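1. Here's a sequence, model it:
(one chain, ligands or ions: 1)
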Amino acid sequence: MTQGPVLENVLKRVKAGKASHWVLLDPDDFSPKEGARIAASAESAGVNAVLVGGSLMRSNNFDDFVHGVKESVSLPVILFPGDATQLSRHADAVLFLSLVSGRNPVNLIGEQVKGAPVIKEFGIEPISTAYMLVESGAVSSVEFMSNTRPLPRKKPMIAAAHALAAQYMGMQMVYLEAGSGAPCSVPPNMVKAVGDYVDIPVIVGGGIRDAATAREKLQAGANVIVTGNLLLAPDGVSKLEEIARAVTGETSR
Ligand code: 1GP
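-> Numbers count the residues shown, from 1 in each chain. Just a heads-up that it's a prediction; the model follows:
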């Protein structure tokens, strides 16, 4: 698998022992104008990349949204698509996700076959990513929409085995996902088991709402922290600043 500039930068930070914080914007939650404004505040807060995507996508302005975000930041804009319709030529890269925790062929290979030619035409960088959904105390949108079961949260070695299999299949990153707004984030012992088992970067997201929780994931071995939902709170941007400060001042494995 080739390595483009966005992944190269992630790997460089990992090699230097630097943790990263990515912010996720869902076009269903904000207008393109708001999205662009929030992305700019996130950049000032110190985040390292902006993800755009969502599970449902009711809005029909995905492309405008990505364009607006791209114009307002100098950070990499990375697509985090819920399906093959969530692609835009304005992004720098796309997490080419395969929902390896599930056994639904649509999310393992089906949407990927639809999306691959579009990604090639758009010339955006695909980053092959093992997407692993973890039980979080509530049914997540990903679980419901994909019709798959999450990994049991008390079985870290099952998660580690999935991550290692994905690495052996050539995937370039692992994303441990508790689901947006999850009551419980991914347990640190699972992050540790996965981080100890694989050599590829480990991204952790879902239900991370404060600096202490973000730090706990990094200390367990996460390389990248993703936050999304907290931006919907009235004090969202200041919370984001607090987490960005904690994450970028923290080392990673
Ligand atoms: C969801 O991991 C991301 O896909 C972020 O989760 O919205 O809970 O921060 P939150």
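2. What sits closest to Gly205 if chain neighbours are left out?
-> Val226 (3.2 Å; CB to CB, 6 or more residues apart in numbering). Backbone N, C-alpha and C define where each C-beta goes, glycine included.
3. Tell me how far the most centrally placed residue in the chain lies from the ligand.
-> Most central residue of the chain, judged by C-alpha distance to the mean C-alpha position with CA atoms, centre = their mean, is Val226 at 5.7 Å. Val226 is 4 Å from the ligand, where distance means CB to the nearest ligand atom, to the nearest Å.
4. Who are the contact partners of that residue?
-> 21-24, 51, 175, 203-206, 208 (CB atoms under 8 Å, 6 or more residues apart in numbering).
5. Apply 7 Å and report the result again.
-> Taking CB atoms under 7 Å, 6 or more residues apart in numbering, we find Val226 in contact with 22, 24, 51, 203, 205.
6. beta partners of the residue nearest to Gly205?
-> Trp22, Gly205 (DSSP bridges).
7. Other residues contacting stretch 177-184?
-> Outside stretch 177-184, the residues within contact range by CB under 7 Å, 6+ apart are 131-134, 136-138, 140-143, 185-186, 205-207, 228-229.
8. what helix or strand does the residue in the stretch 1-150 of the chain that the ligand sits nearest to sit in?
-> Nearest to the ligand, among the residues of the stretch 1-150 of the chain, is Leu24, at 4.9 Å (CB to the nearest ligand atom). When secondary structure is defined by DSSP states H and E, Leu24 falls within strand 20-25.
9. which helices and strands does that strand pack with?
-> helix 32-45, strand 49-52, strand 224-227, helix 236-248 (3 or more CB pairs under 7 Å, 6 or more residues apart in numbering; DSSP states H and E).
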